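In: A predicted structure for the sequence below; I have some questions about it.
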Amino acid sequence: MILILLAIFLACLFLPWTQNINAKGSVTTRSPEQRPQAIQSVIGGRLENWFVREGDFVAKGDTIVFISETKSEYFDPNLLERTSEQIAAKSNSVASYDQKLIALQNQYTAIQQTLDLKKEQNLNKKEQARNKIKMDSIDLIAFKTNLDIAENQLDRTKNLYDKGLKTLTELQEKENKVQAANAKLNVQKNKLLNQKNVLANLQVELQTIGKEYLDKLAKSQSEQQSAISAKLESVAATSKLRNQLSNYSERQKLYYVTAPQSGYVTKTLKKGIGETIKEGTDIITIMPAKYDLAVELYAKPQDLPLLNLEDLVQLRFDGWPAIVISGWPESSTGVFQGKIVAIDKFISNNGFYRILISPHNEKKVWPEKLSIGTGAQAFILLSEVPIWYEVWRQLNGFPPDYYKSKMEKKEQLKRKAPLKSVK
C-alpha cells in the first residue's frame, strides 16, 4: 500500500496545475460619478430644515436640507430689490452723462465757430487797415507835394519882396500857406502812424483771440473727458452692481441643498437644527442608484510584470459561498469571472499596485445584490504547469513563469545586441 500510495503521489505530481496570483480587494465602480459621494454646501449657513432621512431614495434635484444666511451683508430680505434700485439709479446716471457729453460737444462746436468768426472779423479789419494805410500813404505824398509847392512859392515871393515887387501881405500869405501845408503833412503822418498801429494791434488781437479761445476749447475738451471718465465709472459701477445682483440671486438658490444625482442617502454627517456650517463642508453622503460594478485589487510588486490587460480572473465575494481550487479553476464552484481593465503605473501607499477588474459575464453573471465595499478575493490565472513544478517554484520562492521570464530576457538581449559585420 505504501508503494501504491507513493506511485499515486508521484503520478499526481505530473497532473496539470494552473498557476495563479492571489490578491484581495473590494467591490467598487469604474466611473468616479458612480461611487459614494459627499454632498457639500457651496455657501456657509445655518441648518434650518432637513427633508431626508438616512436610507431614503432621492432623485436628482430633490431638496436635502435648507440652510439660512449667517453673514450680515446678506441679512436684508429685500436685498435683490434694493440692488435693482441701485442699478436703475446708476443707469440713469449713465444716461445723464450721455446728455452732458452731447451738451459739451455742442458747446465745443459753438466755441470753434465763434473762434472762426472772430478770426475772420479780425482779418477783415486788418484788410481795412491796410487799405487805409495805402490811402494815407498816398495822401501823405500829396501833402508833401503841396508843402514843396508852398515852400517854392514862398521862396519866389520872398525874392520878389526883397526887390520890392511883392507886398508884405503877399509874403505873409505864402508863409501861412507853408505852415498850413506843413501842419497838414504832420497830421497825415500821424494819421498814417495811427493806422499802422491799428494794424499792429489787430495782429496782436488775433493772437490774443487764438489763445483765449484755445483755452476755452481746451477747457471744454477737459470737461468732455471728465464726463467720459465719470460715465465709464458709472458703467463700471452698474456692471459691478449687476454682477452683485446675479451673485445674490444665485446665492439665494444655494440655500436649498439638492441631490446632484439619484441615489440613496447613506449617512448624515451634520446633525440637528441650528448647527452652523462653513462653505465646502460635507453634509450628507449619497450612494448613486445606478452603477457599474468592478473589483479593486492590490497585487504584489513582483507579480505586476505577469499581469496584462484582458487577463481572466476568478473572483470570490464575501457572503457568497464558494469552493475554490486555485490550481484547477474548472473544479471550483461559487466563483465569478472578471477581466483586468486597468493596472496602475504607480505604487499605492500600502506598497501594492492597484488593479481594476470588470465583470466577465459569459459563463456566470455577477450577483445583483453585490454592494459597493464588499470584500473580494481574486485568482488571476496564468500558465498551466505540472504540480511538481509548482511545488518546486513555491519551495524556492520563484515568481510564476520564472523560466519563461528568463527566456524572454535572453531574447530581448539578443534583439538589442549589435550585428557583427561580415568581412
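Out: Noted; the coordinates are in hand. From a predicted model like this one, the values you see are computed outputs, not experimental measurements.
In: where exactly do the helices run in the stretch 151-300 of the chain?
Out: 168-253 (DSSP state H, counting those that start in this stretch).
In: residue 313: how many residues sit nearby?
Out: Residue 313: 25 surrounding residues under other Cβ atoms under 10 Å. C-beta: built from backbone N, CA, C; applies to glycine.
In: surely it and residue 337 touch.
Out: Yes: checked against Cβ atoms under 8 Å, the pair residue 313 and residue 337 is within contact range at 7.0 Å.
In: list the residues that contact both of the two?
Out: Residues touching both residue 313 and residue 337 (Cβ atoms under 8 Å, 6 or more residues apart in numbering) are residue 360.
In: what sits against the closest residue to residue 360 other than its chain neighbours?
Out: By the measure of Cβ to Cβ, 6 or more residues apart in numbering, the closest residue to residue 360 outside its immediate chain neighbours is residue 337, 4.2 Å from it. For residue 337, the contacting residues are 312, 313, 314, 315, 359, 360, 361, 362, 363, 364, by Cβ under 8 Å, 6+ apart.
In: roughly how far does residue 337 sit from residue 274?
Out: 53 Å (Cβ to Cβ, to the nearest Å).
In: domain map for the chain?
Out: Structural domains assigned to the chain are 15-31+291-416, 36-69+255-289, 79-250, following automatic domain parsing.
In: among these, which is nearest residue 1?
Out: Taking Cβ to Cβ as the measure, the domains of the chain were each checked against residue 1, and domain 15-31+291-416 came out nearest at 20.9 Å.
In: avg pLDDT for the closest one?
Out: Averaged over domain 15-31+291-416, pLDDT sits at 74.
In: and if you look at stretch 124-142?
Out: If you average the pLDDT over stretch 124-142, you get 84.
In: try stretch 228-239
Out: Predicted confidence along stretch 228-239 averages 88 (mean pLDDT).
In: starting at the chain centroid, how far to that stretch?
Out: A distance of 21 Å separates the centroid of the chain from that of stretch 228-239, by Cα atoms, centre = their mean, to the nearest Å.
In: for stretch 223-231, same thing?
Out: 29 Å.
In: export that stretch as CSV, just CAs?
Out: Presented in CSV, the C-alpha positions along stretch 223-231 are these (Å, rounded to 0.1, in the frame of the first residue of the first chain):
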residue,chain,number,x,y,z
GLU,A,223,-14.9,118.7,-19.3
GLN,A,224,-15.8,116.2,-22.0
GLN,A,225,-13.0,113.9,-20.9
SER,A,226,-14.1,114.3,-17.3
ALA,A,227,-17.7,113.5,-18.3
ILE,A,228,-16.5,110.4,-20.3
SER,A,229,-14.4,109.3,-17.3
ALA,A,230,-17.4,109.7,-14.9
LYS,A,231,-19.6,107.9,-17.4
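In: can you pull up the most central residue in the chain?
Out: To find the centre residue of the chain, average its C-alpha atoms and take the closest one (Cα atoms, centre = their mean): that gives residue 243, at 15.0 Å.
In: any idea how far that residue lies from residue 24?
Out: Relative to residue 24, residue 243 is positioned 54 Å away (Cβ to Cβ).
In: quick check: closest non-adjacent residue to residue 100.
Out: If the residues on either side of it in the chain are set aside, residue 100 comes closest to residue 227, at 4.9 Å by Cβ to Cβ, 6+ apart.
In: residue 300 too?
Out: Nearest non-adjacent residue to residue 300, counting by Cβ to Cβ, 6+ apart: residue 352, 6.3 Å away.
In: quick one: contacts for that neighbour?
Out: So, once contact is read as Cβ under 8 Å, 6+ apart, residue 352 ends up touching 298, 299, 300, 301.
In: among those residues, which one is most surrounded by other residues?
Out: Taking other Cβ under 10 Å as the neighbour criterion, residue 299 ranks highest of the contacts of residue 352 with 23 neighbours.
In: distance of that residue relative to residue 353?
Out: If you measure residue 299 against residue 353 using Cβ to Cβ, the figure is 5 Å.
In: same deal with residue 345?
Out: Computed with Cβ to Cβ, the distance linking residue 345 and residue 353 is 8 Å.
In: ok, those two, which is more surrounded?
Out: Set side by side, residue 345 and residue 353 show more neighbours around residue 353, with 20 against 8, by other Cβ under 10 Å.
In: please, where are all the strands along the chain?
Out: Applying DSSP state E to the chain gives strands spanning 16-29, 37-40, 45-50, 57-58, 63-68, 256-258, 263-268, 276-277, 282-288, 293-299, 312-317, 336-343, 353-359, 375-386.
In: now those in CSV, with distance to residue 162?
Out: Shown next, in CSV, are those (distance: least, Cβ to Cβ, whole Å):
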stretch, distance to residue 162
strand 16-29, 149
strand 37-40, 135
strand 45-50, 132
strand 57-58, 146
strand 63-68, 133
strand 256-258, 135
strand 263-268, 147
strand 276-277, 135
strand 282-288, 140
strand 293-299, 152
strand 312-317, 160
strand 336-343, 147
strand 353-359, 149
strand 375-386, 160
